[in-house]
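**Student:** 3D model of this:
(2 chains)
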2 protein chains.
Amino acid sequence: MTNQVIYSEFHTKSFGVTFKVEPILSYKSKFQQIALYDTESHGKLLTLDGCVMVTEKDEFIYHDMITHLPIYTHTNPKKVLIIGGGDGGTAREVLRHSSIKSVDMVEIDEEVVKVAREYLPTMSCSLDDERLNLYFEDGVEWVKNKVEEYDIIIIDSTDPVDIGEGLFTKEFYTNAKNALKEGGILVNQSESPFCTPEWVSNIYKKLNEVFPTVKTYMSNTPSYPAIWSFGLCFKEETKSINFDESRYKDENLEFDYYNCDIHKGAFALPSFVKKLIK
Amino acid sequence: MTNQVIYSEFHTKSFGVTFKVEPILSYKSKFQQIALYDTESHGKLLTLDGCVMVTEKDEFIYHDMITHLPIYTHTNPKKVLIIGGGDGGTAREVLRHSSIKSVDMVEIDEEVVKVAREYLPTMSCSLDDERLNLYFEDGVEWVKNKVEEYDIIIIDSTDPVDIGEGLFTKEFYTNAKNALKEGGILVNQSESPFCTPEWVSNIYKKLNEVFPTVKTYMSNTPSYPAIWSFGLCFKEETKSINFDESRYKDENLEFDYYNCDIHKGAFALPSFVKKLIK
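**Tutor:** A predicted model of the protein is given here:
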């Protein structure tokens, strides 16, 4: 080989991740720059506006954590709303649960789904499930008119800039809370406390203004900025995190990352994270 | 600026971390290539044989986890052996505990300590503590003649290749176990289950052959290969992990990463890690 294409993404001014890649495609949709690469050790790599969204190798960590944890926290989850998640990985994991009868997936950019359907079959494999309704609309608008429709809302968004920004406002959180049924839970990806602490403290300030109970849990998907956080937000005040052990045992699903220990241990927060979200 | 120096370290064939750096020094000691860089967001960056050892920005995570967790697990830790740890960060954290009366630190490469003393004062700041005895010797040889000397042994080593290799053998583990007093605990950095699964399964196979109880806990230091594991090895069979809450409260130390929740939550292992170390 006489040349080598390097994709580097800086998460701070001087630190980030780097991949040796073979570019497959790169084009601008109506909303964002979509790029796809192949890599030797991580399989396909999808980026949006120059940020890693998923790699085939480690997407299981993020998708396990944004789906199974809220699903086994809820006592009776039947109807789920996914906002974003165009690669299909979140829908795939949600739909593994027989308890889930209906999923609305609202992705703003149809082109992301097209790319996923063509190049990321292990993620997009459940997008034709008959329980899934796929809408190419703006999630910010979607929740405006919904009242007590969903048991779980999953915000599988990009960062709080550009097209992702609207999914991190107090107004959006308020509308999403109204769209939750009694006992409802909203979960969002809430960024990296290590790399973008100011984003994280801003997100939790707003979440805490809207939801009576907000808990934070963590995991680490290697190709994302280090030490990732998720916000678990309850429509009603909630003293302790439930874990529906009997449903977990009944369903008997196998997860590469998530398990009963992780459900409990993921809420152990490093001291610097506790300070940030206080 | 018309040029930019990039340090990239690949943890798999095509994935790794990358830093924008200003080189400070790079030379070969008797044992290894020592290099030091400055970075805008992570402060000083020390590498040995082209592997990140520490950055000033995130060393607190690794050093908290390799020291405070075993120290608060042990019921009465007084004498500690540190093997490796030439930057001084492990010794600094161990010596914060008033319960610790004596520390032997055995670092093979005096040059690493020299660099740390000159350029990494926030890590090397406790190397002149009167409770610390610093020896520039081979840790593999050091433990050969020690019988029931230490309450805690901390293996703060490089990877299981080249000069680090001897610290990952069954013979070394056996000698180290003999060097532990009754109730003694050995902890080692046991590599990344995500990036080098074969190293991890090999380490745990050997540890389990030598120690009656071996537990694994995890954390993530962003500049290391993702999802880092530590092996907590008990001289005697141990059913559950102790946490000395009264000593923790009495000492009243502040840690940026470690806390009571982390002590318990860090043992929650992802499913793929459980399989690997089984």
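
**Student:** okay, CA-based contacts and neighbour counts for the rest of this
**Tutor:** Noted.

**Student:** Any idea how many residues pack against residue A:157?
**Tutor:** 22 (other CA atoms under 10 Å in any protein chain shown).

**Student:** Point out where chain A drops to low pLDDT.
**Tutor:** Within chain A, the ranges that satisfy pLDDT under 70 run A:1.

**Student:** Can you show me the helices along it?
**Tutor:** Secondary structure of chain A, counting by DSSP state H: helices at A:59-73, A:89-94, A:110-119, A:121-124, A:139-142, A:170-179, A:197-210, A:245-251, A:260-265, A:271-277.

**Student:** Highest mean neighbour count out of the ones you listed?
**Tutor:** Stretch with highest mean neighbour count among those: helix A:89-94 (a mean of 25; mean count of other CA atoms under 10 Å in any protein chain shown).

**Student:** quick one: that helix to chain centroid distance?
**Tutor:** 10 Å (CA atoms, centre = their mean, to the nearest Å).

**Student:** That one close to chain B?
**Tutor:** No. Figure legend: helix A:89-94 not in contact with chain B (CA under 8 Å from any CA of the partner chain); closest approach 15.6 Å.

**Student:** Can you give the contact residues for that helix?
**Tutor:** Residues from elsewhere that reach helix A:89-94, judged by CA atoms under 8 Å, 6 or more residues apart in numbering or on different chains: A:59, A:63-64, A:66-68, A:71, A:82, A:85, A:100, A:103, A:105, A:123-127, A:156.

**Student:** before we move on, what about stretch A:235-242?
**Tutor:** The contact list for stretch A:235-242, computed with CA under 8 Å, 6+ apart, reads A:72-75, A:177, A:180, A:182-186, A:211-213.

**Student:** What residues of it count as buried?
**Tutor:** For stretch A:235-242, the neighbour count (16 or more other CA atoms under 10 Å in any protein chain shown) marks residue A:235 as buried.

**Student:** re earlier: any idea which of the contacts of stretch A:235-242 is the one closest to chain B?
**Tutor:** Nearest to chain B among the contacts of stretch A:235-242 is residue A:72, at 16.3 Å by CA to the nearest CA.

**Student:** can you pull the contacts of that closest one?
**Tutor:** Counted by CA under 8 Å, 6+ apart, residue A:72 has contacts A:242-245, A:247-248.

**Student:** repeat that with 10 Å
**Tutor:** A:97, A:241-248, A:260, A:263 (CA atoms under 10 Å, 6 or more residues apart in numbering or on different chains).

**Student:** Ok, residue A:124 next?
**Tutor:** Residues near residue A:124 by CA under 10 Å, 6+ apart: A:85-92, A:113-118.

**Student:** before we move on, the earlier item: turn the contacts of stretch A:235-242 into JSON lines, columns for distance to residue B:150.
**Tutor:** As requested, the contacts of stretch A:235-242 are exported to JSON lines (distance: CA to CA, whole Å):
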{"residue": "A:72", "distance to residue B:150": "44"}
{"residue": "A:73", "distance to residue B:150": "44"}
{"residue": "A:74", "distance to residue B:150": "48"}
{"residue": "A:75", "distance to residue B:150": "49"}
{"residue": "A:177", "distance to residue B:150": "56"}
{"residue": "A:180", "distance to residue B:150": "57"}
{"residue": "A:182", "distance to residue B:150": "56"}
{"residue": "A:183", "distance to residue B:150": "53"}
{"residue": "A:184", "distance to residue B:150": "53"}
{"residue": "A:185", "distance to residue B:150": "50"}
{"residue": "A:186", "distance to residue B:150": "50"}
{"residue": "A:211", "distance to residue B:150": "51"}
{"residue": "A:212", "distance to residue B:150": "50"}
{"residue": "A:213", "distance to residue B:150": "46"}
